[in-house]
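Visitor: here's a sequence, model it:
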Amino acid sequence: MLEKELNRRKFMKQAAGLVLVPSLPMIPGLAHGQATDVVVGTWGGDYQNLLQKFIAPIVEPMGIKPVYDTGNATARNTKLKAERNSRRGSMDVAMLGDLDMYDASTAGVLEPVTAGNVPNLANTIETFRTPYSIPHIFSAMVLVYNKDKVPTPPKSFKDTLDPKYKGRVGFSDILYNFNTLFAGLAEGGKGDSFEPGYSFLRKLKGNQPKVFPSNEAVAAAFKSEEIWIACMWKARALQWRDAGLPLEFVIPEEGAIPVTFEGAVPKNSRNKAAALKYLNALLEPEGQLRFAETMGYAPTVKNATLPPDLQKRVGFTPEELARIHPYNLEALAAQRAASLDFWNKEFKAGL
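Guide: This is a model prediction of the structure:
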């Protein structure tokens, strides 16, 4: 675990400029003929739309037809573990954030991935590799704010405790564990416990924050000016600003947290060979470039050539990187159930 944490810190130093290496050839496609369905468990909304737009065209010529099973990450992780003893699972590919994916891996439900069965894994940034998943895209959680309503950039998440922001702070429900971890930094959290986050959110609850069912719903709340501040992925802030919303974002003085969104194949996948090819397609440089352009997420492969202006846009400065704090996956995974209980039963209740 210590090695993984050190590796994550090493990555932060590399994130401002990706090194380019020659691309490996794509692995051979499936035999042409009737398409093979691959059920991809993923988030709906923008993520699914971009998978359809940019990844499906890569795999369809191989005879692979993606079918999307959309929902939140908690339900997807629960389904993976509930089906572990089934001969045939309901998903061929599962997309999850790094914390949820680690949790799934501890249940022994994921197929090992190597450069042998996913050749493009050889092109990924080493510090993001795991034995059970592929790293798809990367970003960090920041404070996003309406610059027209909040003309002075917030310095800390503690600023949201000010009564002038009563009812104006928003959260995405599906990011409950990341929200809690991020909030905990303002209480001195070190990324190994949700407890500091519980402490901060209890204080913030008195200011009547709002919880929305999805990231897209948070964007709608910014658009209607129902909320003025939220914690959200930098990538999403870029996307919403491009759509015309008057938004800016900052890494608060206490820091931010990183996230990697990952893909894996359940051991009981019905179409395991096709599913592994889908993972490989997620790491193709073209798809990585399109996710960076369209959604603002940084690539996880070293052979995705980004124009300098795009690299500057989706990456982080050295000063920002110094304030992005990796977290302890092993310690946090053991606390996930308790963090969900806190979020649903204590924090959200009555809002």
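
Visitor: quick one: which helix or strand includes residue 257?
Guide: Element membership for residue 257, per DSSP states H and E: strand 257-264.

Visitor: I'd like the next helix or strand past that strand.
Guide: helix 272-282.

Visitor: report the buried residues of that following helix.
Guide: For helix 272-282, a neighbour-count test (16 or more other CB atoms under 10 Å) marks 272, 274-282 as buried. To be clear about C-beta, it is placed using only N, CA and C from the backbone, and glycine gets the same treatment.

Visitor: from the residues you listed, pick the one nearest residue 224.
Guide: residue 282 (34.0 Å; CB to CB).

Visitor: enumerate every residue touching residue 331.
Guide: Residues counted as contacts of residue 331 (CB atoms under 8 Å, 6 or more residues apart in numbering) are 192-193.

Visitor: residue 251 and residue 72, how far apart?
Guide: Distance of residue 251 to residue 72, computed by CB to CB, to the nearest Å: 26 Å.

Visitor: show me which of these two is the more surrounded one.
Guide: When residue 251 and residue 72 are compared for neighbours, residue 251 comes out ahead with 20 against 17, by other CB atoms under 10 Å.

Visitor: re earlier: with distance to residue 159 as extra columns, can I get the buried residues of helix 272-282 in TSV?
Guide: Shown next, in TSV, are the buried residues of helix 272-282 (distance: CB to CB, whole Å):
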residue	distance to residue 159
272	49
274	49
275	45
276	46
277	47
278	43
279	41
280	44
281	42
282	37
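
Visitor: please enumerate the strands of this protein.
Guide: All strands of the chain, identified by DSSP state E, fall at 36-42, 64-70, 93-97, 134-146, 169-172, 210-212, 229-233, 247-250, 257-264, 298-299.

Visitor: any buried residues in the first one, and which?
Guide: Spelled out, that is strand 36-42. Neighbour-count burial for strand 36-42 flags 36, 38-42 (criterion: 16+ other CB under 10 Å).

Visitor: for burial, what's the neighbour tally of the closest residue to residue 284 other than its chain neighbours?
Guide: Using CB to CB, 6 or more residues apart in numbering and skipping residues adjacent in sequence, the residue nearest residue 284 is residue 58, 5.7 Å away. Around residue 58 there are 19 other residues, counting by other CB under 10 Å.

Visitor: residue 82 now?
Guide: By other CB under 10 Å, the residues close to residue 82 number 13.

Visitor: now do it, the pLDDT please.
Guide: The score at residue 82 is 97. That number is its pLDDT.

Visitor: coming back round to it: let's have the strands of the chain in a markdown table, adding mean pLDDT and distance to residue 119.
Guide: Below are those laid out as a markdown table (pLDDT from 0 to 100; distance: least, CB to CB, whole Å):
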| stretch | mean pLDDT | distance to residue 119 |
| --- | --- | --- |
| strand 36-42 | 97 | 18 |
| strand 64-70 | 97 | 16 |
| strand 93-97 | 97 | 17 |
| strand 134-146 | 96 | 11 |
| strand 169-172 | 98 | 35 |
| strand 210-212 | 98 | 40 |
| strand 229-233 | 97 | 29 |
| strand 247-250 | 96 | 36 |
| strand 257-264 | 95 | 15 |
| strand 298-299 | 92 | 17 |
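
Visitor: now those strands in a markdown table, with distance to residue 48?
Guide: Output for the strands of the chain, formatted as a markdown table (distance: least, CB to CB, whole Å):
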| stretch | distance to residue 48 |
| --- | --- |
| strand 36-42 | 6 |
| strand 64-70 | 5 |
| strand 93-97 | 9 |
| strand 134-146 | 13 |
| strand 169-172 | 16 |
| strand 210-212 | 18 |
| strand 229-233 | 16 |
| strand 247-250 | 23 |
| strand 257-264 | 13 |
| strand 298-299 | 20 |
